[in-house]
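> predicted model follows, preceded by the sequence.
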There are 4 protein chains.
Amino acid sequence: MMRQKLLSEGAKELSYEIREIVKKAEVIQKLGQTIYWENIGDPVQKNNEVPEWMKDILKDLLSKNETYSYCHSKGVLNTRKFLAEKTNALGGVQISPDDILFFNGLGDAIAKVYQYLVPTSRIIGPSPAYSTHSSAEAAHAYHDPITYKLDPDNHWYPDLDDLYNKVKYNPTIVGILIINPDNPTGMVYPKKTLERIVEIAREFNLFLLSDEIYINITYNGVKTFALAEVIGDVPGLAMKGISKEFPWPGARCGWVEYYNRDKEPEFNRFCIALDNAKMIEVCSTKLPQLAIPLIMTHPNFIKYREEVNCKIGRRSKIITGYLSEIPELRFNETFGAFYNTIIFKEGTLNPHQKLKINNPAIEEIVENWVNNPNMALDKRFVYYLLAATGICVVPISSFCSELKGFRITLLEENEDLLHNIFSRLRESIKEYLKS
Amino acid sequence: MMRQKLLSEGAKELSYEIREIVKKAEVIQKLGQTIYWENIGDPVQKNNEVPEWMKDILKDLLSKNETYSYCHSKGVLNTRKFLAEKTNALGGVQISPDDILFFNGLGDAIAKVYQYLVPTSRIIGPSPAYSTHSSAEAAHAYHDPITYKLDPDNHWYPDLDDLYNKVKYNPTIVGILIINPDNPTGMVYPKKTLERIVEIAREFNLFLLSDEIYINITYNGVKTFALAEVIGDVPGLAMKGISKEFPWPGARCGWVEYYNRDKEPEFNRFCIALDNAKMIEVCSTKLPQLAIPLIMTHPNFIKYREEVNCKIGRRSKIITGYLSEIPELRFNETFGAFYNTIIFKEGTLNPHQKLKINNPAIEEIVENWVNNPNMALDKRFVYYLLAATGICVVPISSFCSELKGFRITLLEENEDLLHNIFSRLRESIKEYLKS
Amino acid sequence: MMRQKLLSEGAKELSYEIREIVKKAEVIQKLGQTIYWENIGDPVQKNNEVPEWMKDILKDLLSKNETYSYCHSKGVLNTRKFLAEKTNALGGVQISPDDILFFNGLGDAIAKVYQYLVPTSRIIGPSPAYSTHSSAEAAHAYHDPITYKLDPDNHWYPDLDDLYNKVKYNPTIVGILIINPDNPTGMVYPKKTLERIVEIAREFNLFLLSDEIYINITYNGVKTFALAEVIGDVPGLAMKGISKEFPWPGARCGWVEYYNRDKEPEFNRFCIALDNAKMIEVCSTKLPQLAIPLIMTHPNFIKYREEVNCKIGRRSKIITGYLSEIPELRFNETFGAFYNTIIFKEGTLNPHQKLKINNPAIEEIVENWVNNPNMALDKRFVYYLLAATGICVVPISSFCSELKGFRITLLEENEDLLHNIFSRLRESIKEYLKS
Amino acid sequence: MMRQKLLSEGAKELSYEIREIVKKAEVIQKLGQTIYWENIGDPVQKNNEVPEWMKDILKDLLSKNETYSYCHSKGVLNTRKFLAEKTNALGGVQISPDDILFFNGLGDAIAKVYQYLVPTSRIIGPSPAYSTHSSAEAAHAYHDPITYKLDPDNHWYPDLDDLYNKVKYNPTIVGILIINPDNPTGMVYPKKTLERIVEIAREFNLFLLSDEIYINITYNGVKTFALAEVIGDVPGLAMKGISKEFPWPGARCGWVEYYNRDKEPEFNRFCIALDNAKMIEVCSTKLPQLAIPLIMTHPNFIKYREEVNCKIGRRSKIITGYLSEIPELRFNETFGAFYNTIIFKEGTLNPHQKLKINNPAIEEIVENWVNNPNMALDKRFVYYLLAATGICVVPISSFCSELKGFRITLLEENEDLLHNIFSRLRESIKEYLKS
């Protein structure tokens, strides 16, 4: 026995349920079923080719000795200048390079932001929730995450009354998290919505936290409004990165922009604490930081992003074609990021529904998994879908939501396969609901 | 005013005093003084060339699309297999790839290890202390770090009586930190010392935490004993990385090895919490992980390390030649890492000593800096040295130590310059002490 | 300097602003002004004679040696039996002597209830708030108290929508405090109100905390409904005592009744923690416990209470006569306890109003006190009233309320003096508002 | 299920093991065995008659109406003046009435002192420990109590080396608890010992906490040195009361004296926090406070105490006669309080020893109780002693001690019965050890 207990109280909140389905899929895979990984938001794994000119930029950088050393603890100065100018060019809140802090990906940024927030001060975030935020927030507070509802009957836009009431009546809330475009719903916040959220923050002296990792991934005519454009004089943090955009998730490179830290001393102290927390780690990953201005100013970059976004948009339409007309589903067409969250209407799921599974070994295993009276009904569906078709999606009950449904991705580059997967998904839903 | 306070109590402990000297040096530099950066442990900045064959391995990896995607949340499986085998080949404690967790550099690893330890359970570490550990430990506990003494009169080896008494009489201590080879002293722990520390951990049911970032940086006939070789059945964590060894500090790539997690359920839960904390960030930097087995098994690697170590060893001897005979200093020859910590004997420093500074503008600024009756006497010396010669070293009082002295590095690749710097340093010490 | 800091974070919340006025009154008194202490809820100080037959019972008890020893840590068994039967006779929730725990007055009970509640679980209580509850709750949570509004435009009844919303949207709330009859408003909760509060507790799995120290102090036709009568199967604590009823505040004797602890394991553990907390103090005051059944079953007791209540009721009518018709006041007639809280309508107070003060020394002091731009406007009025007339009342802003007004008591036994005080109070209000 | 968890982390530390034996004794009693209650420190229960003149003083006070009202929140001013003068007359540290705060017995004082100490600052206290202190200290810190050893081989005096080392090497310790005369050992600290403890407090910037509830209960030529006499300029709290001295434990009346609060601002803030904590409870028990000067200055008081002490001293000698010569025991004659702690030498107890029990029903129950391989060996002895003889004593392992033994009391007023009990105890020890 250890001399004293080791684990902090927050450690028990560290769950990432959306990874569990991967373990299940691996079991099914070993039994001979091909798996279609519609569960993970990694474009590279879904065959989004990193363009050669990008690779060349990185190789050039690796030829230089200086690329290998530490950089400034806040990040490469030149890159911070470049990014500050980009934000300033939006014409909203203005920042300097000192208002930017680089992290080893947004996961690192998120972890530190919540870690240095006092446990009794809470950030309210959207539900369905993205686990990296909700787990880190819960771990910092030793309690369940606090969430506002995204409304599947209104394009997944935030339920602003719910948000307002929760903020008004819960004095522990000090900040509002926006994920825009949103994971897992693919929703892009209208400007009016953002302005109302800023207004709420102003009324109750909160700060805003905006995860904009998908900011440049929109399509079919929609653009994202950045927090910088609407925040006015309210304190805020915007989180940005290159994982989804270049895409280079394996680089672990993201950054936080501090807005209006000069307006509020306690908020400024919080920003300084983040700087200090990074300083004791020396610095963040240097190679991707050096690459950012080179890639983003490359003549091919804008066109490249347009093409990729366009393809995602086309896939969004295809999927809409397959799933929007099923009467038992609450379906919303997406316009940003590369996920969609589809909800089963209430009363359509029950614990006796099934799909036909041809492989008896797989059938036996799945029946074992679902043989649990407390199992969420969407998880039950997801397991049957996986077992019968190999299509791997994530149940929505794993996203701190009381809704029942599943998240798909819009990343399959092979359109024939895409048609195939989503027509099978549609048939499986029908079969399951009728069974 | 924010609605509630934001900062966690731990945030105030996040200081990294050893970076302060950089700001001072930049001021002096602007006034025309050339600076000799003997303060930072980055071999690349000190002209250690990254070999071409290493660069080629990395460029090859960057040609492959798969390099850009996320990897397993614990790290690339193949690399973890490779590292587990290396550890197992030492013949001590045996581990599996599951006992390895990759981080974005050791700074990230250190931050998470202390973050998920309950605040009332403490890790005792060496003094002089390396700030990344001592600040993170203090931040987790909201209190000053707890330290055991390294003894400058005994090769900087740990004062084992001090360690034993502090562990015995302070029941909040649950673990012992070893940095081996040590930063900032350049000390390499003898096997007997390590064995005694393991014994203490066993007696009081502690776990061991061994920072082995410099494990392969030893010279002049000395080798490091890894924790894995001496730990027996006591639970422990070893921290390793490539920052100093390839060297590639800008990569942010390090890992933790869990030892004997099967022997102690609470320790195992702690390891699982670390795995979970990383999982909610998805994963760590992938490119360097892919490179590790390729570089470490490359035919040139061992010879390359030997040559670099040999050069550090030669520089250690040169520095010994300059500084070991000054009677007012407590000097120890180093055998590992690339630092040395030199202590002024008690009573040799006073607040009236000075160095002659030719530039009057610089002189004025320095006199302003030292015009503070609470200033540590070694900081005073360091400021004068910087102002008079441009040699930038770090005062030892910034390392949670009551001793007065300074840390130098052994990284200057240009031997003429090295001779020049250390002869000037010797003369400056003499001038200062006599003044 | 102490080795480490001593004070717990909660200590800073321990304020009891309603005592501050006493210090001010003592200053004025020394300058020659007679003080009319309308600020304190101690019937004995206001000449409520303790009846001789009660005194005789106590003297008899003091003749017995056994009276002096410790009693059972939960309280004298026979007395707990007597009180359990009294509660059971109400026909609501049923309890056993084991469901009663004696304390050294309700202040002790209140302190322990909040102390053993985890800091992140909160009790919402009424505003205007009674400081003993609100300070103890704040100290346990290290944050401002959380309150629901009592509505001066609706007989000071609780604003049930405000309560419902705050409970619904703030998941940290685990209990609702009721003070019934209420201090400082003199309000007695209607049965329907209590039932609605029980319903809210049931909906959100809260427990109820009911301070019933004034339960038998009602008049002019109103009776209190005890929590026991309405609670059904919801967990709850009722707090009762003899301070106001015998009256014997100096005895420090009160008790808590546990309701439905068998229905909810976590609530039961909480009750056991209270038992244990008392056990390590051995027990509470014994003499008053021994006296309780003897006094309460004495043939004179009921009539005695009726007479005293009747007199309070008559005084309530007299005060109503003086103050209910002033158009700038929000006035409610009282039916329980012995306080009334009178609110100035919005816009009627300003920082330039005054009362004529004859004594120049007193005038100077008061002008000094009110020479503070942040001073609450009701405090300003209260200071002028004290200085000009010697009438000492408590400002309502000292009761965690945003309303402006003052609390008076209904305890003055001398009716001529009562008329005198309240006619002067009426005239002073008019003079102040017009000035 | 409650909405959130209720219990604070400290609640689990609230155990008072020394009460457990009472439950066991009640079981045995019901089976027909007469119980000799040698477990409880209540002189009144053991037939110490409260003198008639004391009773008369109290009855007189109860005739006055004013006795029933609240008193000043710090306690009756006149009584505090009286007590301050008594302390000042010792010629040591000088205090004013403001340096005294009354509580509802020392249990209340102890609870509040630890409650308002920050959890990470610890008080080290003696072992064997008196549970009221050790449980409250543990509850405040959420961890096991921290203790220094009292040495049974050196008159139960504190092991000063152990104390010094624990203080020196554990920076969380901010105060030292002294219980003098001590419960449960009956030890009276020599002046030199107290002076050394003060010296340690001064060296490490600690405050002293001295529980002097038994200060006037010494005998056979020994007197207690008060903390006030030796503390010099070190901050300290002395805890005093009337429970054991009048004796009137049922009154719940004790007080704390603050020493040198003017010398140390953080300590002064701590004292103010205690004042505030009491103020929100309004005040402590008034009747005993009013009685203190009347009783203590009564012409009979000193003689009365001398006679009672003398009788305790005689009983101490008688018990010494019975138990000091048993070679398997470590026995110390007592000189203060009314307990003795007798230790079994190591190796003398084993889990197979027994006493002959005549009543088969009792025998069966006891064998059931001791049928637990983890049972402390002294508890086993105590259960057998209780079952075989009805003598009820408390095992020393219940006092946070690793020693094995039992605590007896020196309170039996009937000397024949005393001889009888202790001769049976001696024979039972011999029988048990030989069995």
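Thanks, I have it.
> name the residue of the stretch 201-350 of chain A that lies nearest to chain D.
Using CB to the nearest CB, the single residue of the stretch 201-350 of chain A nearest to chain D is A:Ala273, 20.3 Å away. The C-beta positions use only the backbone N, C-alpha and C, and glycine is treated the same way.
> correct me if wrong: that residue contacts B:Leu14.
Yes - judged on CB atoms under 8 Å, A:Ala273 makes contact with B:Leu14 at a distance of 6.2 Å.
> what about the helices in the stretch 301-435 of chain A?
A:301-323, A:360-370, A:377-389, A:415-434 (DSSP state H, counting those that start in this stretch).
> hey, which of those is tucked in deepest?
Greatest average neighbour count among the helices of the stretch 301-435 of chain A goes to helix A:377-389 (a mean of 23), per mean count of other CB atoms under 10 Å in any protein chain shown.
> name the helices or strands packed onto that one?
When contacts are defined as 3 or more CB pairs under 8 Å, 6 or more residues apart in numbering or on different chains; DSSP states H and E, helix A:377-389 packs onto helix A:20-30, strand A:339-344, helix A:360-370, strand A:394-395, strand A:405-409, helix A:415-434.
> what sits up against it?
By CB atoms under 8 Å, 6 or more residues apart in numbering or on different chains, the residues outside helix A:377-389 that reach it are A:21, A:24-25, A:28, A:33, A:35-36, A:344, A:349-351, A:353-358, A:362-363, A:365-366, A:369-370, A:391-398, A:404-406, A:424-425, A:428, A:432.
> select only the buried ones of the residues you listed in ChimeraX?
Of the contacts of helix A:377-389, the buried ones go into a single ChimeraX selection, burial set by 16 or more other CB atoms under 10 Å in any protein chain shown:
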select /A:21,24,25,28,33,35,36,344,349,353,354,355,357,362,363,365,366,369,370,391,392,393,394,395,396,397,398,404,405,406,424,425,428,432
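> any low-confidence regions in chain A?
Regions of chain A meeting the criterion pLDDT under 70 are absent.
> dihedrals phi and psi, the residue of the stretch 251-400 of chain A found nearest chain D?
Among all residues of the stretch 251-400 of chain A, A:Asn374 sits closest to chain D, at 14.1 Å; criterion: CB to the nearest CB. Dihedral angles of A:Asn374 (phi, psi; degrees, to the nearest 10) stand at phi -90, psi 0.
> can you list the residues of the stretch 101-250 of chain A near chain C?
With CB under 8 Å from any CB of the partner chain as the criterion, the stretch 101-250 of chain A meets chain C at residues A:119-120, A:141-144, A:146, A:165-166, A:168-172.
> are any of those residues buried, and which?
For those, buried by 16+ other CB under 10 Å: A:119-120, A:141-143, A:146, A:165-166, A:168-172.
> can you narrow those residues to ones near chain D?
Among those, chain D is touched by A:His143 when using CB under 8 Å from any CB.
> so where do the strands sit in the stretch 201-350 of chain A?
A:207-211, A:236-241, A:254-259, A:329-330, A:339-344 (DSSP state E, counting those that start in this stretch).
> before we move on, what about the stretch 51-200 of chain A?
A:100-103, A:122-127, A:146-151, A:157-158, A:173-179.
> switch these over to a markdown table; also include distance to D:Ser69.
Output for these, formatted as a markdown table (distance: least, CB to CB, whole Å):
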| stretch | distance to D:Ser69 |
| --- | --- |
| strand A:100-103 | 62 |
| strand A:122-127 | 45 |
| strand A:146-151 | 48 |
| strand A:157-158 | 58 |
| strand A:173-179 | 45 |
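> check contacts around whichever residue of the stretch 201-350 of chain A sits closest to chain C.
Taking CB to the nearest CB as the measure, the stretch 201-350 of chain A has A:Phe204 as its residue closest to chain C, at 12.5 Å. A:Phe204 makes contact with A:167-168, A:173, B:3, according to CB under 8 Å, 6+ apart.
> who in the stretch 1-150 of chain A is up against chain D?
Proximity of the stretch 1-150 of chain A to chain D, by CB under 8 Å from any CB, involves residues A:4, A:143.
> can you tell me the closest non-neighbouring residue to the residue nearest the centre of chain A?
The structure's chain A has its C-alpha centroid closest to A:Asn183; by CA atoms, centre = their mean the separation is 4.0 Å. In this structure, A:Asn183 finds its nearest non-sequential neighbour in A:Tyr130, 4.9 Å apart by CB to CB, 6 or more residues apart in numbering or on different chains.
> phi, psi for the one you found please.
Dihedral angles (degrees, to the nearest 10) for A:Tyr130: phi -90, psi 120.
> in this structure A:Arg424 contacts A:Ile391, no?
Yes - here A:Arg424 reaches A:Ile391: they are 6.6 Å apart, a contact under CB under 8 Å.
> the residue nearest to the centre of chain A and D:Asn183, how far apart?
Here A:Asn183 is placed at a distance of 63 Å from D:Asn183 (CB to CB, to the nearest Å).
> and the residue of the stretch 201-350 of chain A closest to chain D, how many residues sit next to it?
23 (other CB atoms under 10 Å in any protein chain shown).
> which residue packs closest to it, ignoring adjacent ones?
Using CB to CB, 6+ apart, the nearest residue to A:Ala273 is B:Ala11, at 4.0 Å.
> these two touch, right, that neighbour and B:Ala138?
No - checked against CB under 8 Å, the pair B:Ala11 and B:Ala138 is beyond contact range at 10.8 Å.
> if we can go back for a sec, filter the contacts of A:Phe204 down to just the ones in helices.
A:167-168 (DSSP state H).
> about what we covered before: dump the helices and strands packed on helix A:377-389 to TSV, plus distance to D:Gly107.
Shown next, in TSV, are these (distance: least, CB to CB, whole Å):
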stretch	distance to D:Gly107
helix A:20-30	51
strand A:339-344	58
helix A:360-370	55
strand A:394-395	54
strand A:405-409	57
helix A:415-434	65
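> can I get those in TSV including distance to chain B?
Shown next, in TSV, are the helices and strands packed on helix A:377-389 (distance: least, CB to the nearest CB, whole Å):
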stretch	distance to chain B
helix A:20-30	10
strand A:339-344	15
helix A:360-370	21
strand A:394-395	14
strand A:405-409	13
helix A:415-434	18
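> C:Thr193: which of the ones you listed is closest?
Comparing these by their distance to C:Thr193 (CB to CB), the top pick is strand A:339-344, with 39.3 Å.
> and that closest one, what does it pack onto?
Using 3+ CB pairs under 8 Å, 6+ apart, strand A:339-344 is in contact with helix A:301-323, strand A:329-330, helix A:377-389, strand A:405-409.
> show me the contact partners of the first one.
With contacts defined as CB under 8 Å, 6+ apart, helix A:301-323 is touched by A:43, A:48, A:51, A:186, A:216-220, A:245, A:295, A:329, A:331, A:333-335, A:338, A:340, A:342, A:408, A:410-413, A:415, A:418-419, A:422-423, A:425-426, A:429.
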